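>>> Below: sequence and its predicted model.
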Amino acid sequence: TTLSGLRDGDSTVGLPATTDDNIIAQLDKVKSLYEELKPVFAKASEGSLDDTSLGLLAEKNVPLLVEMNKAVKMYEAAAKDVLGGDQQSAVVINLAGRQRMLTQKMTKEALLVHLGVNVEANSENLTVTTTMFDTTLKGLVDGNAEMGLPGTKDPEILAQLGKVKALWDSVLPVVSNGSLNDGMLTDLSTSNVTLLKEMNKAVGMYAEAAK
């Protein structure tokens, strides 16, 4: 729904149609990759994800992520033009928004390790993902010149990022555990969504501040 709305517009979610030909072409590339994975998602929703489907998911989901990220960068560049002197806001919103994706990426990688799918590669990916989330969260609070993050002084945003940090401190040991037991799996299935939702609240605050 969101992908279609980004391209063609969707008033129900507040998305205008895209008029930039380069972005349209990039979104079409994303759609093509997404179509390859839709059968896997359908199997998963039916509870019948086999080893072949898991392998396809592990192989194809990162290229999909990479191509969607290219589209995000195009939007960020366009937003900088619109925001004029406040171009930093586009970077902050993008990196804060990326945190939401990272909560799900790290969960996926932890589960692939647990299931024995490309264990070495996914363990390395998991380390990179958790490090990126942690570095970005610190940068959103205190600033990080290399990432283009100025830090945050808004007390409400700081309070929200504090909530995220508290959740993160409890999630990190679970996703980093190479041997998840049933209790950990149950915790992860709920805690990763809670972390996602609280990070999403912070992104909404940044978006409102940019307006």
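Everything's here; your move.

>>> going forward, measure contacts between C-alpha atoms and count neighbours the same way
Fine.

>>> which helix in the chain runs the most residues?
Ranked by residue count, the top helix of the chain under DSSP state H comes out as helix 51-83.

>>> moving C-terminal of it, what's the next helix or strand?
Next helix or strand after helix 51-83 toward the C-terminus (DSSP states H and E): helix 88-114.

>>> average pLDDT across that following helix?
Regarding helix 88-114, the rounded mean pLDDT is 90.

>>> Over to stretch 128-144?
For stretch 128-144, the per-residue pLDDT averages 97.

>>> buried residues in it?
129, 130, 133, 136, 137, 138, 139, 140, 141, 143, 144 (16 or more other C-alpha atoms under 10 Å).

>>> and the fifth one, what does it touch?
Contacts for residue 137 were tallied using C-alpha atoms under 8 Å, 6 or more residues apart in numbering; they are 96, 99, 161, 165.

>>> for residue 163, same thing?
residue 198.

>>> and the next element down the chain from the strand or helix carrying it?
Here residue 163, judged by DSSP H and E, is contained in helix 155-175. Later in the chain than helix 155-175, the nearest helix or strand by DSSP H and E is helix 182-210.

>>> Show the average pLDDT along that next one.
Averaged across helix 182-210, pLDDT comes to 93.

>>> With just CA atoms, put the helix holding residue 163 into CSV.
Coordinates of the C-alpha atoms in helix 155-175 are reproduced here as CSV (Å, rounded to 0.1, in the frame of the first residue of the first chain):
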residue,chain,number,x,y,z
PRO,A,155,13.2,18.1,26.1
GLU,A,156,10.3,16.1,24.7
ILE,A,157,12.4,14.4,22.0
LEU,A,158,15.1,13.7,24.6
ALA,A,159,12.6,12.1,26.9
GLN,A,160,11.3,9.9,24.0
LEU,A,161,14.8,8.9,23.0
GLY,A,162,15.4,8.0,26.7
LYS,A,163,12.5,5.6,26.4
VAL,A,164,14.0,4.1,23.3
LYS,A,165,17.4,3.8,25.0
ALA,A,166,15.9,1.9,28.0
LEU,A,167,14.2,-0.5,25.6
TRP,A,168,17.3,-0.9,23.5
ASP,A,169,19.3,-1.8,26.6
SER,A,170,17.0,-4.7,27.2
VAL,A,171,16.7,-5.8,23.5
LEU,A,172,20.4,-5.8,22.7
PRO,A,173,21.4,-8.7,24.9
VAL,A,174,18.6,-10.8,23.4
VAL,A,175,19.4,-10.2,19.8
